[in-house]
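# Sequence and predicted structure, then a few things I'm wondering about:
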Amino acid sequence: MKVAVISDIHDNIWALDRALTDIRRREADALVVCGDLCAPFSLKAIAEGFPGPVHAVFGNNDGDQMLLTRLADGTENVTLHGVFGEFQVDGTPLAVTHYPELGRRLAACGGFRAVFYGHSHRPEVARNGDCLAMNPGELMGRFGTSSYGLYDTDTGTAEIIEL
């Protein structure tokens, strides 16, 4: 199965719309959000723009966590895990957090096939034993390029896709 991974939207709904369009075109089965949605309307756009399961965590710029939680609770497809998420897609154990330091340590623990994180706004794909560690970069475009990640649970491989 394909898992799309986005991070650091910072309310750039135009880049988010482009990413969701491309993610649907590539037929991703699940979506992971590594935080820094910022406003609840970004989460609403994700819930309405992606038909499959969405696993999201808070980042350091998600200010209205109560409204984000309420919004997620009112959807059928969004799980807002808090600051750390642990879940399975197609029987594959995965984890998500916003912070690279925590993400890299989770990848080293050996309990997951892949760990996703954001915060730095810079794409990164690395291996720690059998675990893939990925930062999909940013949708915001602060450093000039909007990007997201695509992880394949069957092969354990990932790629960074620039928009």
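Thanks, I have the structure now. Worth saying up front: this structure is predicted, and the values here are computed from it rather than measured. Numbering: from 1, shown residues only.
# Give me the pLDDT for Gly110.
pLDDT recorded at Gly110 is 89.
# Ala95 is in contact with that one, correct?
No - using C-beta atoms under 8 Å, Gly110 makes no contact with Ala95, being 11.6 Å away. All C-beta spots, glycine's among them, are computed from the backbone N, C-alpha and C.
# Name the residue in the two with the higher neighbour count.
Using other C-beta atoms under 10 Å as the criterion, Gly110 and Ala95 rank with Ala95 on top: 26 against 10.
# Confirm that the more buried one sits in a strand.
Yes - read with DSSP: H, G, I helix; E, B strand; the rest coil, Ala95 is one of the residues of a strand.
# show me the contacts for it.
Neighbouring residues of Ala95 by C-beta atoms under 8 Å, 6 or more residues apart in numbering: 84-87, 103, 106, 111-112, 114-116.
# same thing but at 6 Å, please
Applying C-beta atoms under 6 Å, 6 or more residues apart in numbering to Ala95 gives the contacts 86, 106, 112, 115.
# Which positions within the helix or strand harbouring Ala15 qualify as buried?
Using DSSP states H and E, Ala15 sits within helix 13-25. Along helix 13-25, these residues count as buried under the neighbour rule (16 or more other C-beta atoms under 10 Å): 13, 15-16, 19-20, 23.
# wait, Phe58 sits on His81?
No - the criterion here is C-beta atoms under 6 Å, and Phe58 misses it with His81 at 8.4 Å.
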